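[1] Attaching a predicted model along with its sequence, questions to come.
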Protein chains: 2
Amino acid sequence: MLKSLAHPSRLLIIEMLEEAPRCVGELTEAIGADITTVSKHLAVLKRAGLVRDEKHGTYSEYTLVCDCVSHMIDCIEGGMGSGDAGPMKGETVPRRKKACKASR
Amino acid sequence: MLKSLAHPSRLLIIEMLEEAPRCVGELTEAIGADITTVSKHLAVLKRAGLVRDEKHGTYSEYTLVCDCVSHMIDCIEGGMGSGDAGPMKGETVPRRKKACKASR
DNA sequence: TATATTATTGGCGTTATGACCAAGTATGTC
DNA sequence: GACATACTTGGTCATAACGCCAATAATATA
């Protein structure tokens, strides 16, 4: 589970899902990576039991499974304060691409 | 920081340090890996600001930097309950070797 | 039915991680 | 000084993770 959180894009996904459910396109736009990459990140989070997906037409709406995830993140962020060690090494910053429409 | 926690051996180290400060040999014995491997794990945790080391003679005593780490772990374990997704793939189980003496 | 939209899956190259061995450092002891 | 103990560092290899492309669902719409 920790492994699934240990990636900046996936952490961002979780944080976005704290606000509201999102479809893959929205998350992709925010992350600025290829949609296939984001889809795979979501699969990882799903396998870890952190998110759930629900199909609406051609869209996949992703949601946090429960508040405990949210609490956990708060706990981590609050607990460590400024303890961000930064990127550990060649942290990938995906090249930004065109945004998709992503409105349902 | 999350990355540094996202490894079973390092998580075990953190849990052991919650109980008491430990030297590398003790941790190595508990983990069952090569001492060089454990030393490097400790270096990772140190770089992430989770542990601190203090030299006592030939021993290096490792300690948690603060309780917040401990709290965070509790928060994670409590929060997710049985949400352990298990090893994500070829999770390395290091081959066990002779234990060192490790008593100071 | 043809086409567009949204997302997933498989494959591939690149990079990072992890485990061990060998060698080196630092300290304590004979 | 010689040796033992405790640990760290550098190197190498195997494996895992990541990111993108191509191809493939699945659904909606003209």
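    On my side now, so go ahead. This is a predicted model, so every value here is computed, not measured.

[2] Going by C-alpha atoms from here, please, whenever you check contacts or count neighbours.
    Noted.

[3] Just the buried residues of stretch A:44-59, please?
    Within stretch A:44-59, the residues that qualify as buried are A:44-53, A:59, counting by 16 or more other C-alpha atoms under 10 Å in any protein chain shown.

[4] do stretch A:56-75 as well
    Across stretch A:56-75, burial judged by 16+ other C-alpha under 10 Å covers A:59-64, A:68-70, A:72-73, A:75.

[5] pLDDT weak spots in chain A?
    A:79-104 (pLDDT under 70).

[6] mind running it again at 80?
    A:68-69, A:72-104 (pLDDT under 80).

[7] In three-state terms, label the residue positioned nearest the centre of it for me.
    Compute the mean C-alpha point of chain A, and by C-alpha atoms, centre = their mean the closest residue is A:Ile13, 1.7 Å away. At A:Ile13 the chain is in helix, as set by DSSP: H, G, I helix; E, B strand; the rest coil.

[8] That one and chain B, how far apart?
    15 Å (C-alpha to the nearest C-alpha, to the nearest Å).

[9] Quick check: the residue of chain A nearest DNA strand D.
    A:Gly57 (3.4 Å; C-alpha to the nearest atom of the strand).

[10] got the contact list for that residue?
    With contact set as C-alpha atoms under 8 Å, 6 or more residues apart in numbering or on different chains, A:Gly57 has no partners.

[11] for chain A, what spans make up the strands?
    A:22-23, A:51-56, A:59-64 (DSSP state E).

[12] Would the last one count as contacting chain B?
    No. Applying C-alpha under 8 Å from any C-alpha of the partner chain, one finds strand A:59-64 separated from chain B by no less than 12.5 Å.

[13] what's the angle between that strand and strand A:51-56?
    Compare the direction of strand A:59-64 with that of strand A:51-56 by axes from the mean of the first three to the mean of the last three C-alpha atoms, to 10 degrees and you get 150 degrees.

[14] I'd like to know which elements strand A:59-64 is packed against.
    On a contact count with 3 or more C-alpha pairs under 8 Å, 6 or more residues apart in numbering or on different chains; DSSP states H and E, strand A:59-64 meets helix A:8-19, strand A:22-23, helix A:24-31, strand A:51-56.

[15] Distance check, the closest residue to A:Val65 other than its chain neighbours against DNA strand C.
    Leaving out its chain neighbours, the residue that sits closest to A:Val65 by C-alpha to C-alpha, 6 or more residues apart in numbering or on different chains is A:Val51, at 4.9 Å. Separation of A:Val51 from DNA strand C (C-alpha to the nearest atom of the strand, to the nearest Å): 11 Å.
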